[in-house]
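Chemist: One predicted model, sequence on top.
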Amino acid sequence: MSKTATTWELMKASWHVLMRDKVLLVFPVVSGIACFLVLLTFIVPALGAGLAGSGGLFHGQGEILTWVLLFFYYLCNFFVVFFFNAALVDFVVTRMRGGEPAIGKSLRAAVACLPQIALWAVVSSTVGVVLKALEGRAGFLGRLAVALVGVAWALVTYFVVPIIVVERKGALEAVGGSKDLLARTWGKQIVSGLGYGLIGFLLTVPAIAIIVAAFVGWLASDGGYIGGWGTLAVAAMLYLVALVIVLSALRAIFGVVLYLF
C-alpha cells in the first residue's frame, strides 16, 4: 500500500477515534484557553521590554529583556501544549489498547510525566528562540533556510510526546527515539500535514466567504441591519473556532495512531 493510501487510512482511523470519544475535544479547548491566558500574562511585560529598548533604558538591555521574555513565553506556551497533548496521548493509547480511558486518568498520566514535559518545553523554547533570532538577522535565502530547519525539527521531534507518555523516556532520549522513527514515517507525516491543511482550507473558505458577504452587506445597507449581519459574521467565526479545535484534535490523534502503527 502506498504512503498516501496508508496515511488516508490512518487519518480515517483518527476520525473514528474522535467520533467515538468526542470528549477528546476537551484537551485542545482547555489547552487553547490556557495558551490565551499565557499570552495575556506576557503582553504587559513585552510592551515594557519594548519601551525599555526604544527608550534606551537599562543601558541598552531592552533587546536582551525582549529575548528573555520571548523564551519564557515560549516555555510557558510549550509546557501547556505538551501537557494537554500528553493527556490526549494517554487517552487515545488507552482506548486503542482496549482500555476504558477517562479525562481524569489521562490528566494524572500527564502529571506523572511533568519532569519530562518540562524539560522538553525548555528544549523546544531554546530551539524556537534560536530560530527566531536567526530569522531576524537573515536575508530572504537565510529565512528560507531557517524555515526549512524548522520543518526538519518538527519532523524529527514528531513523536517526542507519545514516546514520553508511552515509553516513559526522558525528553532528550525521546528526541532520539523520535528521530529513529523518522525514516519510516516522514512520508506519512508530510502527506498528513498536506491532507489536513487542504481539508482545513476547503472547510474554511465558506466561513470566510460568509464573513466577507456580511461585511459587504452591512456596507451596502449603509450600516443598517447590523444585528443580522453581525449575527451571521459571529456564527461564521464560531464555526472557524470549532474547526480549529477539531483539526487540532485530529492532528494530535493522528500522531498517536501513527506512532502505534
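Modeler: Now that the structure is in, tell me what you want to look at.
Chemist: Now that F83 has come up, it's in contact with A110, right?
Modeler: Yes: with contacts defined as C-beta atoms under 8 Å, F83 counts as touching A110 at a distance of 5.4 Å. Yep, even glycine has a C-beta here, placed from its N, CA and C like the rest.
Chemist: Can you work out which residues contact both of those two?
Modeler: Overlap of the contact sets of F83 and A110 (by C-beta atoms under 8 Å, 6 or more residues apart in numbering) consists of I117.
Chemist: downstream neighbour of the least confident helix or strand in the chain by mean pLDDT in the secondary structure list?
Modeler: The weakest-scoring helix or strand in the chain, judged by mean pLDDT, DSSP states H and E, is helix 26-55 (a mean of 79). Proceeding N to C from helix 26-55, the next assigned helix or strand is helix 62-96, under DSSP states H and E.
Chemist: For the next helix or strand after that following helix, which outside residues touch it?
Modeler: Reading on from helix 62-96 to the C-terminus, the next helix or strand found by DSSP H and E is helix 103-112. Outside helix 103-112, the residues that touch it by C-beta under 8 Å, 6+ apart are 23, 26, 83-84, 86-88, 90-91, 94, 117, 165.
Chemist: Quick one: those as a markdown table, columns for distance to Y73 too.
Modeler: Output for the contacts of helix 103-112, formatted as a markdown table (distance: C-beta to C-beta, whole Å):
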| residue | distance to Y73 |
| --- | --- |
| V23 | 30 |
| V26 | 24 |
| F83 | 16 |
| F84 | 17 |
| A86 | 20 |
| A87 | 22 |
| L88 | 23 |
| D90 | 27 |
| F91 | 28 |
| T94 | 32 |
| I117 | 17 |
| V165 | 25 |
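Chemist: Quick one: buried ones out of these?
Modeler: When the contacts of helix 103-112 are checked for burial by 16 or more other C-beta atoms under 10 Å, the buried set is 26, 83-84, 86-88, 90-91, 94, 117, 165.
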